[in-house]
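> Quick one: sequence and predicted model below, then my questions.
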Number of protein chains: 2
Amino acid sequence: MSANRKRSDTMKLNDRKIRILEAIITDYIATAEPIGSRTIARKYDLGISPATIRNEMSDLEELGFIEQPHTSAGRVPSQKGYRLYVDNLMRSRELSSEEIDFLKNAISFNVNRIEYMMEQTAKALAMLTSYTTIVTEPKSKKVSIRHVQLIPIDEDEAAAVVVLDNKSIKNHIIRSRNIPDADKLNIISSEINGIIKGYSVEDIKSSDVAGLVRKYTEYSDFITKVFKAVISTAQQEEDVHVYTSGVRNLLGFPEFSDVSKAKNIFQTFEEKDMLITLLGEGDDTSADKIQIIIGGENNMEELRDCSIVRANYRFGKNSVGKIGVIGPTRMNYSQTVSVLNEIVKKLDNIIGAVVDGEDGGYDE
Amino acid sequence: MSANRKRSDTMKLNDRKIRILEAIITDYIATAEPIGSRTIARKYDLGISPATIRNEMSDLEELGFIEQPHTSAGRVPSQKGYRLYVDNLMRSRELSSEEIDFLKNAISFNVNRIEYMMEQTAKALAMLTSYTTIVTEPKSKKVSIRHVQLIPIDEDEAAAVVVLDNKSIKNHIIRSRNIPDADKLNIISSEINGIIKGYSVEDIKSSDVAGLVRKYTEYSDFITKVFKAVISTAQQEEDVHVYTSGVRNLLGFPEFSDVSKAKNIFQTFEEKDMLITLLGEGDDTSADKIQIIIGGENNMEELRDCSIVRANYRFGKNSVGKIGVIGPTRMNYSQTVSVLNEIVKKLDNIIGAVVDGEDGGYDE
DNA sequence: GTTAGCACTCAACCCAAATGAGTGCTAACA
DNA sequence: TGTTAGCACTCATTTGGGTTGAGTGCTAAC
């Protein structure tokens, strides 16, 4: 439906209009300055005079693809204009071999240290795009628990380590007045695994849990706490880690040279929850395509002047993480999409490659 | 020695000069505007005329405690002036009951979730001071390993969970073509614990390790990797987590309204290593006092216009973490020191309190 | 349908004058 | 001798008018 509307929009535009619109957008992306008919005639070899361009621009404005900041200023692309450009005009850009090399070197695909890897990914993406990037930890939709292990710490503390189906590992410190000794912890661990294994959290039978608590009455406090921790882990009530990079990049763009604007944006970046919704809004995990959210299309007032290019990446069979780039509305979409595409491809493949032993994943 | 010099400095200053200097600093902290003799006479009830104040200011300038941005501007405190103020004049400010309440509520002293707690601490400190804050994870100087536990993940992966002396828990994914089954992992875990327990990393006998590898030849690859991971963990080659908050706060101060200046500072804040050295420079872990680094006293060019107020906090018996506040040179030192003091006190006490069971540390 | 020409708009820049907060110096006062 | 009033001077900042230049829309001619 929206595709339909878009086609009818496009159909109103003859080839010449399209080329003019393209010129305006390209130029504005590069310069951040409104652009006028004369300049277009001079810089872009369209074979028509400024006057003609003026006429066409007048039409384009009427159709809502461009707008004028004030009379006697040039035109800038409107949100609708960007949308058309992104959906229909933009040519995908090949990455240069330098860029590909950079990616290869910058991201150490060290799967043993997921955090580090995410950090590196965010950084590399920020450097190649010169915008701000956000990466969230991979997370699977419904996890079941693969393994639980209790580990002694001291007289009144033990750790519960939970391995989830998506291979992420979470720790909890359990504090209780009566902590079983190391051997007992092992035994209780296996009991718990017996109860839990294979089931997803919702399916754990509370009668089983109660049974276990009864069996080890002296540790009932401890065991109860363990289950509490394990379940909250599996339900991912835990914080999702979010990695950002290149926040300062935005300060370089003239649209944010007004400090108060920048301040608002930075506020958003300090709120983890904001970032997560930013990457998740209207989310469709099954869609593997890159999504582009232009200007006010996102619902956050503070980010009205920003666009977001985002994608999901798969990590192993069941986990999905989010990765996105935030820049000014006049960001270089083509470049950004290409880089993001490449990185997502790399992330998608990495687990497979490592397991197949093709990519030095086994460090010797 | 430096205390000596300082005393002789102070001795040159009669009471009236001191009061004038204090007025200048207080005013400048509040307004960020150079302040002149007339204004001082009007705003501060010193009972002397602007002319007299001018004479005294002239002396103060000669002594290096204040300076003039340009002729015909008022005076601003110099680095030396702030130093004198901070060391000798500043009165410690009592926290208001609102502030104390805020701290009580804002920081959830949930020791089970250290990361969350650090995050909260950074945030609370940033809110109360309205500057930028940095907190590093607690870390002990020489750690020994308390416990190692191997956990099955799947056919070619296992997790090595390492509990350090300082109770921090680190995970490593070990990938190998031949992973022992769950029972074997338990057995090998105890063997490793036998070798490791009590020793600090340097003292682990490589002959013991070699022996173990020989004993389980089929898993030699796996076991070797485990040791590698364990040792690197214990040597804290791992990233130290750093939590920052309130970065955007700095944007509000007029001294950073020049975007290019702000950009430099933000760059620093994105470099974790920078932050760590910032909190660690000239570090003396044994010193429990709050340290104040004024303006150019830190060695980072980009932070010439910033001051840092920092402290160490103890976490349990052996771990020390760092916590600091960064603001403009004309920051409100008195307020900042008070808040930081309060927070450090809270952090210092928390472990003890919890272990003694006095503070709801055992969640029911 | 395209283009040249023209009158008009308006943000941005420049420059000169006015403003005002500050200074140092000197001379008079208590 | 220390304090203060007075005065001439400095200089960043503000104000306001004039110019510039990139842009527009409209009209008439090609």
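Now that the structure is in, tell me what you want to look at.

> Per-residue pLDDT of the residue of the stretch 51-200 of chain A found nearest DNA strand D, please?
Relative to DNA strand D, the nearest point of the stretch 51-200 of chain A is residue A:74 (3.5 Å; C-beta to the nearest atom of the strand). Where you see a C-beta, it was placed from the backbone N, CA and C, and this is true even at glycine. With respect to pLDDT, residue A:74 scores 91.

> Please name the nearest non-neighbouring residue to the residue of the stretch 1-150 of chain A found nearest DNA strand D.
Closest residue of the stretch 1-150 of chain A to DNA strand D, C-beta to the nearest atom of the strand: residue A:36 (2.1 Å). Nearest residue to residue A:36, sequence neighbours excluded (C-beta to C-beta, 6 or more residues apart in numbering or on different chains): residue A:74, at 3.8 Å.

> got the contact list for the one you found?
Contacts for residue A:74 (C-beta atoms under 8 Å, 6 or more residues apart in numbering or on different chains) come out as A:33-36, A:39, A:68.

> hmm, try it at 6 Å
Counting by C-beta atoms under 6 Å, 6 or more residues apart in numbering or on different chains, residue A:74 makes contact with A:34-36.

> where exactly do the helices run in chain A?
Secondary structure of chain A (DSSP state H): helices at A:2-11, A:15-31, A:37-43, A:50-63, A:79-84, A:97-106, A:114-129, A:182-196, A:206-215, A:220-234, A:259-270, A:272-280, A:333-355.

> Pick out the shakiest of those helices, pLDDT-wise.
Taking the mean pLDDT of those, helix A:2-11 comes last: a mean of 51.

> My guess is residue A:93 contacts residue A:338. True?
Yes. With contacts counted by C-beta atoms under 6 Å, residue A:93 reaches residue A:338, the gap being 4.7 Å.

> so what sits against both of those two?
Common neighbours of residue A:93 and residue A:338 (criterion: C-beta under 6 Å, 6+ apart): none identified.

> quick one, which of these two is more surrounded?
Neighbour count, other C-beta atoms under 10 Å in any protein chain shown: between residue A:93 and residue A:338, residue A:338 has more, with 20 against 16.

> Which one, of the helices of chain A, ends up nearest to chain B?
helix A:259-270 (3.6 Å; C-beta to the nearest C-beta).

> give me the residue from the stretch 151-300 of chain A nearest DNA strand C.
For the stretch 151-300 of chain A, C-beta to the nearest atom of the strand, closest residue to DNA strand C: residue A:254, 10.5 Å.

> wait, what's in contact with that residue?
Here residue A:254 is in contact with residue A:32 (C-beta under 6 Å, 6+ apart).

> quick one: pLDDT of it?
pLDDT, residue A:254: 88.

> before we move on, back to that, what separates the residue of the stretch 1-150 of chain A closest to DNA strand D from residue A:66, distance-wise?
Separation of residue A:36 from residue A:66 (C-beta to C-beta, to the nearest Å): 11 Å.

> Those two: which has the busier surroundings?
residue A:66 (25 against 19).

> That one touches residue A:73, doesn't it?
No. Contact criterion C-beta under 6 Å: residue A:66 and residue A:73 do not qualify, at 11.5 Å.

> Residue A:89: neighbouring residues, count only.
Per other C-beta under 10 Å, the neighbour tally for residue A:89 reads 16.

> List the residues that contact it.
When contacts are counted by C-beta under 6 Å, 6+ apart, residue A:89 touches residue A:22.

> quick one on the thing from earlier: okay if I get the helices of chain A as TSV plus distance to residue A:246?
Conversion of the helices of chain A to TSV gives the following (distance: least, C-beta to C-beta, whole Å):
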stretch	distance to residue A:246
helix A:2-11	32
helix A:15-31	18
helix A:37-43	30
helix A:50-63	33
helix A:79-84	21
helix A:97-106	13
helix A:114-129	3
helix A:182-196	41
helix A:206-215	46
helix A:220-234	31
helix A:259-270	10
helix A:272-280	13
helix A:333-355	12
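
> how about the residue of the stretch 51-200 of chain A closest to DNA strand D, phi and psi?
phi -70, psi -170 (degrees, to the nearest 10).

> ok, now how distant is it from chain B?
Relative to chain B, residue A:74 is positioned 24 Å away (C-beta to the nearest C-beta, to the nearest Å).
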